[in-house]
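> predicted structure and sequence below. I'll ask about it afterward.
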Amino acid sequence: AQSVTQLDSQVPVFEEAPVELRCNYSSSVSVYLFWYVQYPNQGLQLLLKYLSGSTLVKGINGFEAEFNKSQTSFHLRKPSVHISDTAEYFCAVIARSKAAGNKLTFGGGTRVLVKP
Amino acid sequence: DTAVSQTPKYLVTQMGNDKSIKCEQNLGHDTMYWYKQDSKKFLKIMFSYNNKELIINETVPNRFSPKSPDKAHLNLHINSLELGDSAVYFCASSQGRGGHAETQYFGPGTRLLVL
């Protein structure tokens, strides 16, 4: 089984400041890693995903994340946030197993509030 | 030209009623999913269908029954609604049936409130 922990439930940040959202996971098998964003009253949208290769993954809207296998982490960063980045951010994993289907296991979410 | 659409967007109903939520995707994907997001924003998968075949069935009360008439549609029927069923229900779809971390595309959600 997999579990995902997002260490911060809420992150307030000023506009144009950097932000880092922390994500740690636990799994008995290798996993694929994802970050999704949910804008207010909307569905989820994929920001980026790590499948293999370079541990630094670049996504949409200037976000990037780094996979650290030894620390079982997949932290998300953006060097300069905008008001429009105010949203809920979800880290998620899928087990690297066809038998597992495409089952996303989500963390509890981190609410980012960008202040002017 | 919405990729994944859900109806209704809002649903307010009384305890004990039976209701359905519909989902349609026009992406040509083979796999569709239902997720539940509770009041604390926690998201959990409920079901997954691939080409009308059930492939993921999490621990969900049997009052919840998914139905897939074709691979572009996955509906969720809920019998004898309870207060705890109040949540946002998201439909999603992806190409393939898993094993390759296919991106899932989410619908806008159906906000269900049981009174």
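In hand now; what should we look at? Note that this is a predicted model, so its numbers are computed, not measured.

> centroid-nearest residue for chain B?
Relative to the mean C-alpha position of chain B, the nearest C-alpha, by CA atoms, centre = their mean, is the one of B:Trp34, at 2.9 Å.

> poorly predicted segments of the chain, please.
Since you didn't name a chain, this refers to chain A. A:98-100 (pLDDT under 70).

> I was thinking of chain B, sorry if that wasn't clear
In chain B, residues with pLDDT under 70: B:1-2, B:97-100.

> near chain A, which residues of it?
B:4, B:31, B:33, B:35, B:40-45, B:48, B:50, B:55-56, B:90, B:92, B:94, B:96-99, B:101-109 (CB under 8 Å from any CB of the partner chain). Using the backbone N, CA and C atoms, a C-beta is placed for each residue, glycine as well.

> quick one, which of those residues are buried?
B:4, B:31, B:33, B:35, B:41, B:43, B:45, B:48, B:50, B:55-56, B:90, B:92, B:94, B:97-99, B:101-102, B:104-109 (16 or more other CB atoms under 10 Å in any protein chain shown).

> neighbours around B:Lys67, how many?
Using other CB atoms under 10 Å in any protein chain shown, the number of residues around B:Lys67 comes to 13.

> quick one: it and A:Leu51, what's the gap?
B:Lys67 sits 32 Å away from A:Leu51, going by CB to CB, to the nearest Å.

> what does B:Ser93 give?
Separation of B:Ser93 from A:Leu51 (CB to CB): 19 Å.

> which residues does the residue nearest to the centre of chain B contact?
Under the criterion of CB atoms under 8 Å, 6 or more residues apart in numbering or on different chains, the contact list for B:Trp34 reads B:23, B:45-48, B:66, B:74, B:76, B:89-92.

> next, it: secondary structure please.
Three-state assignment for B:Trp34 (DSSP: H, G, I helix; E, B strand; the rest coil): strand.

> same check on A:Glu20?
Under the three-state scheme (three-state DSSP), A:Glu20 adopts strand.

> counting neighbours, go ahead and name the busier of B:Ser93 and A:Leu51.
Ranked by neighbour count (other CB under 10 Å), B:Ser93 and A:Leu51 place B:Ser93 first, with 28 against 13.

> so that one touches B:Met32, yeah?
Yes: here B:Ser93 reaches B:Met32: they are 4.8 Å apart, a contact under CB atoms under 8 Å.

> chain B contacts on chain A?
Selection of chain A residues close to chain B by CB under 8 Å from any CB yields A:32, A:34, A:36, A:41-46, A:49, A:51, A:88, A:90, A:94, A:96-98, A:100-106, A:108-109, A:111.

> out of those, which are inside strands?
Applying DSSP state E to the residues of chain A next to chain B, the entries found in strands are A:32, A:34, A:36, A:44-46, A:49, A:88, A:90, A:94, A:105-106, A:111.
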